[in-house]
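Enquirer: Provided below for reference: sequence and predicted model.
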Amino acid sequence: MPKNKKPAGGRAPKNFDPRYGQKKSSYQDRKRRPDAAYGAGDKPGSRSPKHRGYRAETDEPAKRRWTAQERAGRDEARGIRTHAPRDRDARPARDERRFADDRGRPTAGASRSHDGPRGGWRDRAEATERRDDARGPARSGRPARGDRPARDDRRFDGDRRYTDRPARDDRRPTDRAARDDRRFDGDRRQNPTRTGGRYQERPAREDRRFDGGSRQKPARDGRGYDDRRGSERPTRRYDDRPVRDDRAGSRPERRTDDRRAGRPNRSDWTARTAPAQQDRVDVVHDRLRADAVQAQDVADTTFADLGLGDNIVRTLDDLGAQRPFPIQASTIPVILDGRDVLARGRTGSGKTIAFGAPLVEAVLRSQAGQRREFGRSPKALILAPTRELALQIDRTIQPIARSVGLFTTQIYGGVPQARQVGALKKGVDIIIGTPGRIEDLVEQRKLDLSEVRIAVLDEADHMCELGFLEPVQRILRLTGEGSQKLLFSATLDREVASLVDEFLVEPAVHEVAGEDQASSTIDHRVLVIDHRDKPEILASLVDREGKTLVFTRTRAYAEMLAEQFEDAGIHAVALHGDLNQAKRTRNLARLTSGRVSVLVATDVAARGIHVDDIDLVVQADPPDEFKTYLHRSGRTGRAGRAGTVVSLVTRQRRRRMAELLDRAEIDAPFEEARPGDDLLEELSGRQVVPV
DNA sequence: AAAAAAC
């Protein structure tokens, strides 16, 4: 292929040209400059405009090198570049615009309004072929037919800024002792007798601290679990699990106190709740008996003390985690010990690192002295309920993994598969993802979970809810025999019993002592309003300086509210499952970056998502479940900061809301509110909690 | 009943 005489400048799509993205390219443009569509910037093309492949000479400056930052943002930018589901055969006419060059950058897209004379099947077929010739595996730029013009995909700045923020979650300095989680169990009211954060009723054998490994194993009768399980349970007793026999000797007896697993406890809330009128399903599960770590007991511990290697410790330090938080100090040694773990830790208290760092360490140890082969199967799996959360977890774990030469990849839906598959082909050590795509790739035999030896469920109780449970079970069954299981959540309770029974062996249960509402920095308020006043009241609450997160019950309402706010001159974006992944990622990024201060979301954003400095959470619709309330409100008041949660209820919902708050053990005043009330001003304007 | 999670 002759190197043509064109100036070097002709080579590249101008992704970083400020003009890029502003200029619309018409069909005619594309025809004249097909490289814009192909991303084949390094091909000479034909000389005549009449020939396909012709590309006019330009004076574009040579493409400059990517900065480190750009490269860092590249991976996620690729994900973001996503469009809606592919469907190239059905709708080929717009393929042109979807071609990305091999860096995953979008090429100049054709705007929909310029469809003009269509390219026709042959052209497209050739275009595709040609591109594949040129690019080979770059098929990864798999065209996804968007429901919108490519313009949306060009938002590199915001997105990159977003993606460049690793591990926010875990880097906040926390007042460890002072405050943490709300409680999560309805029946705690019946068992309020705690001393030193420990439940008195807990039998002595439960009394494992994180040094559990050194403890003598009490006598045990291993019955119970096996007996209790239906045929579903692989007939497996803890003592024939090959990989983990080594641990058996130092392990306390498997819990047998949860025979009532899965059954709601008979607490007074059941009695006082009229089933017909009560929430559809707000079941309060029994609490899990946990070993409550005392913050002061671990105040002097370092990550190195806990058994993490130098590189990991250094990376954690870079991430802002100089010293372990209580939940980390509590779980890391147990995880490194190879035990199954159930852990309850307030969101933002460092849960991600609590499982992520030891997970990396464990994978590293298991591969000590081995070559990391091309095409190796993943050794660890982290499951999350939403894509955003999976992404966020990866952002924390990836630097830790990279520091010891391990690779992670995200496996979630809504983005083209090819890049994920490509990563798997090369070989990764840790995958982080959501159930659907993971199962999908397994079925396509592109993902092999059989070598997974550590599996983590983040938001584990949520993953046990209807619709999630079965895929999660199927996935866990595919993991390596005897693989270690870690279940984490801020509201971990007996809802996870079904998984615990099948998959966990003598799990250690951990939580942090002294976390309750009284020690919370969140101010909870309930506004009793007229339904017709809702839009106005919402607008006045949201019209403020700080970052505000508004929750709605439905996607449609989230969308509608965002529009209403915009109409009222308040810049707002929506986040819900009806948006394509690009928009979801981008809209969340807009809040994170501060470009927008109001995000209206469904419960997709209720769990796990960390955005700095959200100081007001508004529940436009009250949640159905107390857990949802806790998770939603946990988006603010993080790391000991002040935050306000305002829930709007109509008069009819009043009682239900009171009951829900009761279950959540939250004290919140109920106040009548009308548009224009000073109260709204106060709630909206306040940055700090008085008193 | 809704939300999430695959294509």
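Expert: Everything's here; your move. Because the structure is a prediction, the values reported are computed rather than measured. Numbering: from 1, shown residues only, chains lettered A, B, ... in the order given.
Enquirer: Name the SS class of residue A:348, please.
Expert: Following DSSP: H, G, I helix; E, B strand; the rest coil, we place residue A:348 in the coil state.
Enquirer: State the number of residues packed around it.
Expert: Neighbours of residue A:348 under the rule other C-beta atoms under 10 Å: 25. No exception for glycine: its C-beta is placed from N, CA and C like everyone else's.
Enquirer: and the closest residue to it other than its chain neighbours, what are its phi and psi?
Expert: Leaving aside its sequence neighbours, residue A:348 sits nearest to residue A:638 (C-beta to C-beta, 6 or more residues apart in numbering; 4.0 Å). For residue A:638, the backbone dihedrals are phi -80, psi 150 (criterion: degrees, to the nearest 10).
Enquirer: Residue A:638 against residue A:490, yeah?
Expert: No. Under the criterion of C-beta atoms under 8 Å, residue A:638 is not in contact with residue A:490, lying 11.5 Å apart.
Enquirer: who's in contact with the residue in the stretch 451-600 of chain A positioned nearest to DNA strand B?
Expert: Closest to DNA strand B within the stretch 451-600 of chain A is residue A:577: 2.3 Å, counting by C-beta to the nearest atom of the strand. When contacts are counted by C-beta atoms under 8 Å, 6 or more residues apart in numbering, residue A:577 touches A:555, A:584, A:602, A:604.
Enquirer: Mind checking which of those land in helices?
Expert: Mapping the contacts of residue A:577 onto helices (DSSP state H) picks out A:555, A:584.
Enquirer: who wins for neighbours among the contacts of residue A:577?
Expert: Counting by other C-beta under 10 Å, top hit in those: residue A:584 with 26 neighbours.
Enquirer: Apart from its neighbours in sequence, what residue is nearest that one?
Expert: Nearest non-adjacent residue to residue A:584 (C-beta to C-beta, 6+ apart): residue A:575, at 5.9 Å.
Enquirer: So that neighbour versus residue A:586, what's the distance?
Expert: Computed as C-beta to C-beta, to the nearest Å, the residue A:575 to residue A:586 distance reads 10 Å.
Enquirer: Name the residue in these two with the higher neighbour count.
Expert: More neighbours surround residue A:575 than the other of residue A:575 and residue A:586, with 27 against 21 (other C-beta under 10 Å).
Enquirer: low pLDDT regions in chain A?
Expert: A:1-283, A:286-287, A:347, A:517-519, A:686-691 (pLDDT under 70).
Enquirer: Around DNA strand B, pick out the residues from it.
Expert: Contacts of chain A with DNA strand B, taken as C-beta under 7 Å from any atom of the strand, map to A:85-86, A:280-281, A:385-388, A:412-415, A:417, A:433-440, A:443, A:465-468, A:471, A:553-556, A:576-578, A:602-604, A:624.
Enquirer: In strands, which of those fall?
Expert: The strands, defined by DSSP state E, take in residue A:433 from those.
Enquirer: Which PyMOL command selects the buried ones in the residues of chain A next to DNA strand B?
Expert: A single PyMOL command is used to select the members of the residues of chain A next to DNA strand B judged buried by 16 or more other C-beta atoms under 10 Å:
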select buried, chain A and resi 86+385+386+387+388+412+413+414+415+417+433+434+435+437+438+439+468+471+553+555+576+602+603+604+624
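Enquirer: any idea which of the contacts of residue A:577 is the one closest to residue A:324?
Expert: residue A:604 (30.2 Å; C-beta to C-beta).
Enquirer: Hmm, that closest one is touching residue A:575, no?
Expert: Yes. If you go by C-beta under 8 Å, residue A:604 and residue A:575 touch, sitting 6.3 Å apart.
Enquirer: How about chain A: which residue is closest to DNA strand B?
Expert: residue A:436 (1.9 Å).
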